[in-house]
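Test case, fold it:
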Amino acid sequence: MIRHPLSEPDALTVIPANAGIPAPHQPTEIPGQARDDSQAARDDSQAARDEGRAVLTARDVSITYEVEPPVDAVREVSLTLHRGEILGLAGESGCGKTTFAYGVNRLLKAPGVMTSGEVTFHDRSGSDIDVTGLTGEQLRRFRWDKVSMVFQGSMNSLNPVMNVRSQLADVFTTHRPGMPRAERDERCAHLLDLVGVDPHRLSAFPHELSGGMRQRVMIAMALALDPQVMIMDEPTTALDVVVQRGIIRQIMRLRERLGFAVIFITHDLPLLIEISDRIAIMRDGRIVEEATAEQIYRSPRHAYTRQLLSSFPSLTGERGGFVRGGAA
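Below is the predicted model of the structure:
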């Protein structure tokens, strides 16, 4: 990850004063949520042990759309996601990024079929889960609990005739049916607070929220069950640059605070260089290059990666000067 203002902890919730919009709601401490120093030390120790450990492994995944003629959308893709890291997945539209994400999370619908490969989730309990072998109730319990997803165009995924409280609560009634209503309501309020939205907005309907607020609600929904992996498919698409910046800062703050790993899918390679630990470049359904963000930026090996980098205009007048905020 190339260090820049977005990755500075004390800047994560700062919106420029001249942006013309109010600063986002600032999270507050929820009663019972504060941790003592000894607990914090234990959590830091656990985080150190988790660093570098795999949480999700995909090996030789191939996905075909069984139309006429068949379309091989993903071809023998292998990726490993480590605990707490941000893995960027970049490439042009139609290269197979979203199809791969749907395959990893078992969300493919006909005519899409995973024709080969295996996906293994390495649970924090120490057990391994064969994702491709899950069926029925097992698969329902796995989704959102272990791996959640913020979908492409998720801003428009909220039900227009249900308020925010009902839609957040639906996650708990489905996956935590025994949770008391009072606890469910408290948790919904805490989730909004966590993503920088005033909990009073729980009674609001989607049309009463801005695009950025709707996106934050979707992120809150993805965080509801404390997943270990979050797949984010173009989470800032259709948002203006100021709101995009706020959303990205919020994601990075939450990742630092909660410790989940992220697969961040976008065609915006400069953005990935700023926020990612590692980046995989995808073309025609294959991974053509995988390296750290620093390596991708300073010494890309594959010609397609160099082509992608050269397609972004410079902000400084110098070749490669497209990284917002500058490189350290």
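
The residue most central in space within the chain sits in which helix or strand?
The chain has Met232 as the residue nearest its centroid, 3.2 Å off, counting by C-alpha atoms, centre = their mean. In the assignment (DSSP states H and E), Met232 maps to strand 229-233.

cool, Leu81 as well?
Going by DSSP H and E, Leu81 is in strand 71-82.

Straight-line length of stretch 132-140, end to end?
13 Å (C-alpha to C-alpha, to the nearest Å).

how distant is that stretch from the center of its chain?
22 Å (C-alpha atoms, centre = their mean, to the nearest Å).

Same check on stretch 293-304?
Worked out by C-alpha atoms, centre = their mean, stretch 293-304 lies 23 Å from the chain centre.

Between its first and last residues, how far does that stretch reach?
One end of stretch 293-304 to the other measures 16 Å (C-alpha to C-alpha).

Now the residue nearest to the centre of the chain: closest residue in space that isn't a chain neighbour?
Val150 (4.6 Å; C-beta to C-beta, 6 or more residues apart in numbering). No exception for glycine: its C-beta is placed from N, CA and C like everyone else's.

about what we covered before: give me the sheet partners of the strand holding Met232 and which way each runs.
With DSSP bridges as the test, strand 229-233 is paired with strand 147-150 (parallel), strand 261-266 (parallel).

Could you write out the alpha-carbon coordinates of the helix or strand following that strand in CSV?
Helices and strands here follow DSSP H and E; after strand 229-233, the next one along the chain is helix 241-258. Extracted in CSV, the C-alpha atoms of helix 241-258 (Å, rounded to 0.1, in the frame of the first residue of the first chain):
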residue,chain,number,x,y,z
VAL,A,241,-15.4,12.4,-5.9
VAL,A,242,-15.9,14.1,-2.5
VAL,A,243,-18.4,11.4,-1.4
GLN,A,244,-16.1,8.7,-2.8
ARG,A,245,-13.3,10.0,-0.7
GLY,A,246,-15.4,9.9,2.4
ILE,A,247,-16.6,6.3,1.7
ILE,A,248,-13.1,5.1,1.1
ARG,A,249,-11.9,6.6,4.3
GLN,A,250,-14.7,5.0,6.2
ILE,A,251,-13.9,1.6,4.7
MET,A,252,-10.3,1.9,5.7
ARG,A,253,-11.2,3.1,9.2
LEU,A,254,-13.6,0.2,9.7
ARG,A,255,-11.0,-2.3,8.4
GLU,A,256,-8.5,-1.1,10.9
ARG,A,257,-11.0,-1.2,13.7
LEU,A,258,-12.8,-4.5,13.0
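
which secondary structure elements does helix 241-258 contact?
Judged by 3 or more C-beta pairs under 8 Å, 6 or more residues apart in numbering; DSSP states H and E, helix 241-258 is in contact with helix 211-223, helix 269-275.

As TSV, the ones you listed with mean neighbour count would be great.
Compiled in TSV, these are given as follows (neighbours: other C-beta atoms under 10 Å):
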stretch	mean neighbour count
helix 211-223	23
helix 269-275	23
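
Out of the ones you listed, which gets nearest to Ser78?
For Ser78, the closest of the helices and strands packed on helix 241-258 is helix 269-275, at 19.2 Å, according to C-beta to C-beta.
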